[in-house]
Structure formats: structure tokens, C-alpha cells
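Colleague: Mind looking at a prediction? Sequence and model below.
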Amino acid sequence: MHLTLDEDPRLTFTVAADANGILPDRMIAAMAEGGLILPAYDFVESQIQPASLDLRLGDIAYRVRASFLPGPGATVAERIDQLKLHEFSLADGAVLETNCVYIVPLLESLALPPEIIAAANPKSSTGRLDVFTRVIADGTRRFDMIGAGYHGPLYAEISPKTFPVLVREGSRLSQVRFRTGDAILNADELDSLHAAERLVDIDDADLSGGVAVSVDLSGEKANGFVGYRAKRHTGVVDVDRRSGYAVEDFWEPMSARPDGSLILDPGEFYILASKEAVQVPPDFAAEMVPFDPLVGEFRVHYAGFFDPGFGYAGAGGQGSRAVLEVRSREVPFILEHGQIVGRLVYEKMLARPDAMYGQRIGSNYQAQGLKLSKHFRV
């Protein structure tokens with residue numbers, strides 16, 4: 001990567017043609033300096049994370065009849081005009097109701113060069129509230145994926161599934177990563193990294209297709225509790241309010257069963273934790289991906305990005321358990337203690353970030369165990 005000055009003189013951002021990796025915090029800042037990220041307003045504190053950028057909601061929301069993808073040759077704005085039921089301002093805050101679909105233009109637009117693609121994901125706190133959110137771009141066939149060379153606006157599709165939520169202009173529900181080339185570690189590279197860094201705290205780690213992550217239903221690491229089930233018909237959660245709500249008003253703690261199982265009820269939302277403690281070394285990032293869609297009728301982990309330094313001893317970690325956001329689909333499903341529910345796929349960073357997860361950026365979940373989102377009082 002190098003920075004040059006053009007005749008403007010404005011910073012121009014370029015990466016080497018053979019570069020492979022995820023762009024770290026300082027390169028994200030350089031992208032904004034070079035006009036590749038176009039915020040409506042200056043970035044706010046902690047908006048740039050070690051390997052991602054938080055995306056902010058704009059001041060208008062649209063309630064639409066259904067989720068959609070624009071497809072090639074179409075814009076999101078055109079589809080909103082066809083599908084919107086009404087629009088409303090977020091300037092002073094507004095409540096998004098459960099099981100409704102909203103589209104909100106984001107404050108950040110992109111002007112990507114041909115060698116950089118972007119991928120979005122819900123922030124951890126968003127996933128733990130069961131707020132289903134995806135990023136859409138003009139002309140796209142896929143959610144959360146923005147192709148190389150894309151120039152245009154970004155939008156958030158938002159659908160709260162359990163709690164109604166209060167959002168406002170500037171609220172941050174999604175994050176985006178920028179990558180160039182092929183950043184994913186192959187099998188040999190992952191084996192070598194695990195041998196050097198011990199990515200997971202078990203002796204017989206399953207590394208095929210990524211680091212296997214299983215569910216902890218023993219209760220041994222949380223005084224006999226295995227997780228939380230969300231309550232229905234609760235009050236509103238302000239997504240920007242920290243430690244503002246009593247756990248018992250929104251969640252039902254669940255005790256371990258003697259047989260180490262848990263029956264997931266259709267339509268219910270659960271917060272569970274992984275059996276393993278994992279870590280992400282400073283020169284790498286990770287993403288949780290589904291283990292196998294054919295092994296069970298449930299979805300795990302809405303928010304899949306793990307930043308460099310997550311659980312890492314040098315960043316105050318010593319291994320952190322992955323919190324699992326779990327929702328059953330159409331039928332009841334039995335989870336068993338130790339059942340594999342996802343895999344952590346590791347990717348190379350293009351360079352080490354200036355600040356790792358857990359260092360000076362207000363990271364909420366370093367050294368976590370079974371932990372609800374930051375909105376609830378411990």
C-alpha cells in the first residue's frame with residue numbers, strides 16, 4: 001500500500017496489485033482521506049475499528065412492504081419508491097417495530113477502486129438484540145456484499161425480530177470490512193497459525209474449513225446457567241443507551257439440564273456461548289460462518305466479524321468465548337452440549353492495525369463469557 005499526492009492536492013489511496021488481506025484501521029482512514037469512503041459528516045470517535053468501519057444511519061427511514069434486492073441495473077431508491085408504505089424522520093429518534101421491514105440510507109457512501117471489495121455484517125450489539133440488519137447497494141444481487149469498483153450510496157435493511165428498538169440519525173447497527181485479493185487462510189496456513197498461537201483452547205481442535213466452534217450447555221462456566229431466552233412483549237430498547245435496562249425485564253435465564261441438551265422453540269431467540277475460548281492474533285481477522293445448513297433447522301450468529309486482538313492475551317484477552325445468537329426456524333430442534341454450530345474462518349490483515357480489539361476503542365466484549373449486549377446492566 002502506498003499513498004501519493006495528486007494535483008488537487010488530495011490524498012489518493014492505492015494498493016499493490018498482488019496484495020491480499022483485510023484493510024486495517026489506518027488504511028480505512030486513508031480511504032476516507034482519499035475520497036473512497038464518503039461520509040455525510042466527519043467520522044465520530046471509535047467509528048473506525050481495528051479491521052472495520054461502523055456505518056451510521058441517516059435521518060430518514062422508509063417502512064417497506066417486503067425485503068428486496070435491487071438487482072443489476074436498478075437502484076435501491078427506485079425499489080423504495082415502489083415498495084414504501086410511509087417514511088419518517090430519525091432526526092429526533094423513532095421506534096422500529098418488531099417484524100416490520102425498514103430501509104434507511106446510510107451516512108457513508110463508497111467510491112471503491114477496482115481492487116477493493118467490501119463486506120458488511122451486523123455489529124455484535126445489534127445481533128445480540130435480535131435486530132436483523134443487512135446492507136444493500138445499488139445494482140446488487142446479494143446482501144452485505146459490495147463489489148469492487150462500486151460507486152454509490154449504501155442502505156441498511158432493518159427488521160427487529162424480538163424487541164422494538166429506538167434508533168436515530170447516527171446510530172450504528174452495521175459494520176463494513178474492506179479487502180483486496182484472497183485473504184482467507186488455506187488449510188496449511190491455518191494449521192501453522194494454530195500451532196504457533198493456539199487459536200482455540202482445546203487439544204483436539206477441528207480445523208477443517210475453519211476453527212470449529214461448539215455450544216456450551218454444561219453450565220460449568222456460568223454457575224449452572226447456559227444462556228438466556230428473550231422475553232416477548234417487552235419495552236423498547238434504545239440502541240444507543242448503554243447499561244440502561246434490567247436483564248430480568250427482557251431475558252429469562254436458562255439453567256443447565258442434566259443431559260446437557262436444550263430444545264429450541266420455533267421463533268424464540270437465545271443467547272448462548274461457545275464451549276471453546278478462541279483468540280484472533282493481531283495480524284489476522286476472523287468471521288463466524290455457519291457450520292453446515294443441513295445439520296439443523298437453526299441459525300447461529302447474526303454478527304460474524306471478529307477483530308484482530310479478540311481474546312488475545314496481548315490485548316487483555318486470554319481467550320474469549322464466542323457468544324452465539326441462536327434462533328430456531330420452523331420446527332423445535334434439540335441442541336446437545338458440544339455440538340458444532342459454526343466455524344471461525346481466519347483471514348490475513350493487509351497490515352497490523354494501530355489499535356487491536358480491546359485497546360483504547362471501547363471494546364465491549366473482550367474476555368467475555370456468557371454476556372448479553374451492552375444495553376443491559378450486569
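Modeller: That came in fine, so what should we check first? Everything quoted here is computed from the prediction, not taken from an experiment. Residues are numbered from 1 along each chain as shown.

Colleague: could you give the mean pLDDT of the helix ranked longest in the chain?
Modeller: For the chain, the helix that runs over the most residues, judged by DSSP state H, is helix 187-197. Mean pLDDT, helix 187-197: 94.

Colleague: And the contacts of it?
Modeller: 185, 199, 200, 205, 207, 208, 210, 211, 279, 281, 284, 346 (Cβ atoms under 8 Å, 6 or more residues apart in numbering). C-beta: built from backbone N, CA, C; applies to glycine.

Colleague: and those residues, which are buried?
Modeller: Among the contacts of helix 187-197, those that count as buried by neighbour count (16 or more other Cβ atoms under 10 Å) are 185, 199, 200, 205, 207, 210, 211, 279, 281, 284, 346.

Colleague: Surely the last one forms part of a strand?
Modeller: Yes: for residue 346, which was evaluated using DSSP: H, G, I helix; E, B strand; the rest coil, the result is membership in a strand.

Colleague: List the residues that contact it.
Modeller: 184, 185, 190, 193, 199, 210, 211, 280, 284, 285, 286.

Colleague: Would you mind measuring from it to residue 69?
Modeller: Noted for residue 346: a distance of 29 Å to residue 69, by Cβ to Cβ, to the nearest Å.

Colleague: Also the third one?
Modeller: Distance from residue 200 to residue 69, counting by Cβ to Cβ: 35 Å.

Colleague: circling back to that earlier point, quick one: mark the members of the contacts of helix 187-197 that sit in helices.
Modeller: Short answer: the contacts of helix 187-197 have none in helices (DSSP H).

Colleague: Would you format those residues as a markdown table with distance to residue 312 included?
Modeller: Output for the contacts of helix 187-197, formatted as a markdown table (distance: Cβ to Cβ, whole Å):
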| residue | distance to residue 312 |
| --- | --- |
| 185 | 16 |
| 199 | 10 |
| 200 | 13 |
| 205 | 17 |
| 207 | 18 |
| 208 | 23 |
| 210 | 18 |
| 211 | 14 |
| 279 | 5 |
| 281 | 6 |
| 284 | 10 |
| 346 | 13 |
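
Colleague: Among the residues you listed, list the two that are farthest apart in space.
Modeller: 208 and 281 (20.1 Å; Cβ to Cβ).

Colleague: Residue 95 touches residue 235, doesn't it?
Modeller: No: at 10.4 Å, residue 95 does not count as touching residue 235 under the criterion of Cβ atoms under 8 Å.

Colleague: Give me the more crowded residue out of these two.
Modeller: residue 95 (13 against 10; other Cβ atoms under 10 Å).

Colleague: Let me see the contact set for residue 378.
Modeller: Residue 378 touches residue 243, counting by Cβ under 8 Å, 6+ apart.

Colleague: And it, how close does it get to residue 263?
Modeller: In terms of Cβ to Cβ, residue 378 sits 28 Å off from residue 263.

Colleague: which outside residues touch stretch 30-50?
Modeller: 1, 3, 10-13, 23-25, 28-29, 53-54, 56, 58, 107-113, 116, 170, 172, 175, 178, 285, 307-309, 353-357, 361-362.

Colleague: Quick one: low-confidence residue ranges for the stretch 1-150 of the chain.
Modeller: 1-12 (pLDDT under 70).

Colleague: change it to 90
Modeller: In the prediction, the stretch 1-150 of the chain carries residues with pLDDT under 90 at positions 1-18, 45, 124.

Colleague: Quick one: the helices in it, in order.
Modeller: For the stretch 1-150 of the chain, helices defined by DSSP state H, counting those that start in this stretch occupy the ranges 25-33, 76-83, 124-128.

Colleague: what is in contact with residue 95 and residue 235 at once?
Modeller: Common neighbours of residue 95 and residue 235 (Cβ under 8 Å, 6+ apart) are residue 164.

Colleague: which residues sit against stretch 79-96?
Modeller: 57-66, 68, 70, 102-104, 158, 160, 164-169, 171, 236, 238.

Colleague: go again using 7 Å as the cut-off
Modeller: 57, 59-66, 68, 70, 102-103, 158, 160, 164-169, 236 (Cβ atoms under 7 Å, 6 or more residues apart in numbering).

Colleague: now those: which count as buried?
Modeller: Judged by 16+ other Cβ under 10 Å, buried ones among the contacts of stretch 79-96: 57, 61-64, 68, 70, 102-103, 158, 160, 164-169.

Colleague: just checking, which of these belong to strands?
Modeller: Using DSSP state E, the subset of the buried ones among the contacts of stretch 79-96 located in strands is 61, 62, 63, 64, 102, 103, 158, 160, 165, 166, 167.

Colleague: how close does residue 235 get to residue 52?
Modeller: Taking Cβ to Cβ, one finds residue 235 at 30 Å from residue 52.

Colleague: Next: residue 339.
Modeller: 29 Å.
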